[in-house]
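> Structure for the following, please:
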Amino acid sequence: MKVVAAIDSFKGSMTSMEAGRAAREGILAAHPDAEVVIRPLADGGEGTTDALIEGLGGERIDLTVTGPLGDPVTCYYGYLSSTENTGKKNVGKDTATGGMGSGTAIMEMAAAAGITLTDVRDPLSATTFGVGEMILDAMDRGCRDFIIGIGGSATNDGGIGMLKALGFRFMDPDGNDPGEGGQALGKVASIDISGKDPRLDECRFRVACDVTNPLCGENGATYIYGPQKGVTDDMKKSLDQAMEHYASVAADTLGQDHAEAPGAGAAGGLGFALLSFLNAELTPGIRLILDAVGLEEELKDADVVITGEGRLDHQTAMGKAPVGVAELAKKYGATVIAFAGSVTPDAGACNLAGIDAFFPIVRGVTTLEEAMDSENAKANMRACAEQVFRLL
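Okay, here's the model as predicted:
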């Protein structure tokens with residue numbers, strides 16, 4: 001029996017890999033001769049970097065960059081060197097590099113320009129400059145393949161901060177730098193791409209993006225996501241027009257217009273900058289991560305696939321990570337079982353989405369603190385997995 005485990009983190013109690021290893025112990029207690037392969041699972045949002053660092057044997061790189069409001073912030077990203085990142089599975093079957101290329105960086109833009117980094121909401125000043133600094137650091141280390149999650153931004157700058165850090169020059173009608181943040185967008189009269197870091201032409205950028213908003217308009221970055229970043233009703237029209245102006249100058253400069261592309265409005269227009277200036281690929285987060293960890297290759301001959309997350313409910317069935325695993329597993333006819341810390345009455349929707357059966361791992365009346373304790377959670381996962389596989 002071959003079993004593949006790809007379980008999302010149980011936030012606060014188990015990482016993705018810890019959940020998978022605990023499940024493996026239970027499976028082997030029931031079937032000592034089973035082959036159990038573990039893959040990290042995340043959806044491209046918060047926690048993705050940590051999951052892939054652990055699951056792919058990467059290195060955590062800590063550095064100080066420019067924060068969203070210009071103050072230094074400490075952030076980190078995941079680094080896979082070319083020697084580690086060969087595409088071969090390790091002996092223990094706990095990691096794989098799958099679709100990852102040579103010298104890979106795994107980043108979350110929120111680490112450098114996230115809304116949680118400051119209590120001040122200032123969309124006219126907030127910048128993505130630190131995101132560009134992270135990319136530069138990774139290129140210095142030899143990375144040419146980038147996986148970037150772009151959720152949770154504090155910015156509405158169209159990505160010009162990131163681009164400036166990478167060597168692109170933005171100039172106002174007098175040839176001066178227009179500054180940072182959303183206030184700079186309407187001032188951009190020309191863009192000079194000649195000074196961009198030449199290593200960018202060697203890079204591939206894969207971006208985890210689960211929104212389809214265009215850059216501008218009532219469904220764009222400013223109107224839909226701007227309010228949570230401090231955009232007031234009085235600002236919306238002028239800031240959106242400034243974003244449209246910036247996009248027009250970019251299109252004239254580059255000879256291509258991505259303002260209407262799905263996801264261009266993500267992260268305050270960072271999606272647009274990545275598409276337009278860095279030729280990025282914007283992909284739904286779960287699809288990108290499943291490809292990155294090489295899950296499909298392991299599923300081709302799997303008998304049973306284990307997935308899950310801290311809480312299974314009807315939202316899980318609406319495209320969250322466990323359902324992404326289930327859809328891929330069903331392509332190859334595997335049985336899919338999900339484990340969760342808790343399940344809600346409407347979790348039956350998960351059965352319709354490809355999960356054959358799901359089980360809460362909590363074994364009795366308990367406090368939330370006891371259920372969330374890491375050692376308790378791992379013990380509960382082991383015990384639940386063992387009983388399910390005894391039945392199988």
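
> Which helix or which strand is home to the spatially most central residue of the chain?
Centroid check for the chain by C-alpha atoms, centre = their mean gives residue 44 as the closest residue, at 2.0 Å. Taking DSSP states H and E as the definition, one finds residue 44 inside no helix or strand.

> all strands for the stretch 201-350 of the chain, in order.
204-208, 281-283, 304-312, 335-343 (DSSP state E, counting those that start in this stretch).

> most tightly surrounded among the ones you listed?
strand 304-312 (a mean of 26; mean count of other C-beta atoms under 10 Å). Bear in mind the C-beta positions are built from the backbone N, C-alpha and C, glycine included.

> Excluding covalently adjacent residues, which one is nearest to residue 150?
If you skip the residues right next to it in sequence, residue 150 has residue 267 as its closest partner in space, 4.1 Å away by C-beta to C-beta, 6 or more residues apart in numbering.

> could you measure that neighbour against residue 287, distance?
18 Å (C-beta to C-beta, to the nearest Å).

> In terms of neighbours, single out the busier of these two.
Set side by side, residue 267 and residue 287 show more neighbours around residue 267, with 34 against 17, by other C-beta atoms under 10 Å.

> was I right about that one contacting residue 155?
Yes. Using C-beta atoms under 8 Å, residue 267 is in contact with residue 155, at 6.8 Å.

> Need the residues touching each of those two.
Common contact partners of residue 267 and residue 155 (C-beta atoms under 8 Å, 6 or more residues apart in numbering): residue 128.

> and the residue nearest to residue 242 when sequence neighbours are not counted, helix, strand or coil?
Leaving aside its chain neighbours, residue 242 sits nearest to residue 186 (3.4 Å; criterion: C-beta to C-beta, 6+ apart). Following DSSP: H, G, I helix; E, B strand; the rest coil, the label given to residue 186 is helix.

> Pull up the per-residue confidence for residue 186.
At residue 186, the model reports a pLDDT of 97.

> And for residue 86?
Looking at residue 86, its pLDDT reads 36.

> hey, where'd the helices end up in the stretch 201-350 of the chain?
Taking DSSP state H, counting those that start in this stretch as the criterion, the stretch 201-350 of the chain contains helices spanning 233-254, 270-278, 285-292, 295-299, 321-330, 349-352.

> List the contacts of residue 186.
Applying C-beta under 8 Å, 6+ apart, we find residue 186 in contact with 238, 241, 242, 245, 246.

> gap between it and residue 162?
Going from residue 186 to residue 162 by C-beta to C-beta gives 19 Å.

> swap in residue 272?
11 Å.

> same check, this time on residue 39
Applying C-beta to C-beta, the value for residue 39 to residue 162 is 30 Å.

> Which one's more surrounded, residue 272 and residue 162?
Under the neighbour definition other C-beta under 10 Å, residue 272 and residue 162 were set side by side, and residue 272 has more, 32 against 29.

> Spit out the contact partners of the more buried one.
Contacts for residue 272 (C-beta under 8 Å, 6+ apart) come out as 158, 159, 215, 221, 247, 250, 258, 259, 261, 264, 265.

> okay, it: pLDDT?
pLDDT at residue 272 comes out at 98.

> Ok, residue 106 next?
pLDDT for residue 106: 96.

> Please verify my assumption that residue 168 contacts residue 197.
No. In this structure residue 168 lies outside contact range of residue 197 using C-beta under 8 Å: 9.1 Å.

> The two: which has the busier surroundings?
More crowded of residue 168 and residue 197, by other C-beta under 10 Å: residue 168, with 24 against 16.

> Apart from its neighbours in sequence, what residue is nearest the more buried one?
Looking at residue 168 with C-beta to C-beta, 6+ apart, the closest residue is residue 196, at 5.2 Å.

> SS state for that neighbour?
Of the three states, residue 196 takes coil under three-state DSSP.

> and residue 142, how far is that from residue 81?
Counting by C-beta to C-beta, the gap from residue 142 to residue 81 is 7 Å.

> anything in contact with each of those two?
By C-beta under 8 Å, 6+ apart, the residues touching both residue 142 and residue 81 are residue 103.

> before we move on, the earlier item: who touches the nearest residue to the residue nearest to the centre of the chain once chain neighbours are set aside in this structure?
Setting aside the residues directly before and after it, residue 44 is nearest to residue 285 in space (C-beta to C-beta, 6+ apart), at 2.2 Å. By C-beta under 8 Å, 6+ apart, the contact set of residue 285 is 42, 43, 44, 45, 48, 149, 208, 209, 210.

> Just the closest of these to residue 24, please.
Lowest distance from residue 24 to the contacts of residue 285 (C-beta to C-beta) belongs to residue 42, with 18.7 Å.

> pretty sure the closest one belongs to a helix, no?
No. Checked against three-state DSSP, residue 42 lies outside a helix; its state is coil.

> what pLDDT does it get?
For residue 42, the model assigns a pLDDT of 91.

> Skipping adjacent residues, who's closest to residue 319 in space?
Using C-beta to C-beta, 6+ apart, the closest residue to residue 319 is residue 286 (7.0 Å).

> I figured the one you found was touching residue 8, is that so?
No. Contact criterion C-beta under 8 Å: residue 286 and residue 8 do not qualify, at 9.5 Å.

> which of these two has more neighbours?
residue 8 (28 against 25).

> any idea how far that one is from residue 351?
Noted for residue 8: a distance of 18 Å to residue 351, by C-beta to C-beta.

> Okay, residue 50 and residue 103: tell me how far apart.
In terms of C-beta to C-beta, residue 50 sits 20 Å off from residue 103.

> Over to residue 358?
Distance of residue 358 to residue 103, computed by C-beta to C-beta: 39 Å.

> what does residue 304 give?
For residue 304, the distance to residue 103 equals 35 Å [C-beta to C-beta].

> Under a three-state scheme, what state does the residue of the chain most remote from its centre occupy?
Relative to the centre of the chain, and counting by C-alpha atoms, centre = their mean, the farthest-placed residue is residue 174 at 39.1 Å. Classification of residue 174 by three-state DSSP places it in coil.

> what are the phi and psi angles of it?
Dihedral angles of residue 174 (phi, psi; degrees, to the nearest 10) stand at phi -90, psi 0.
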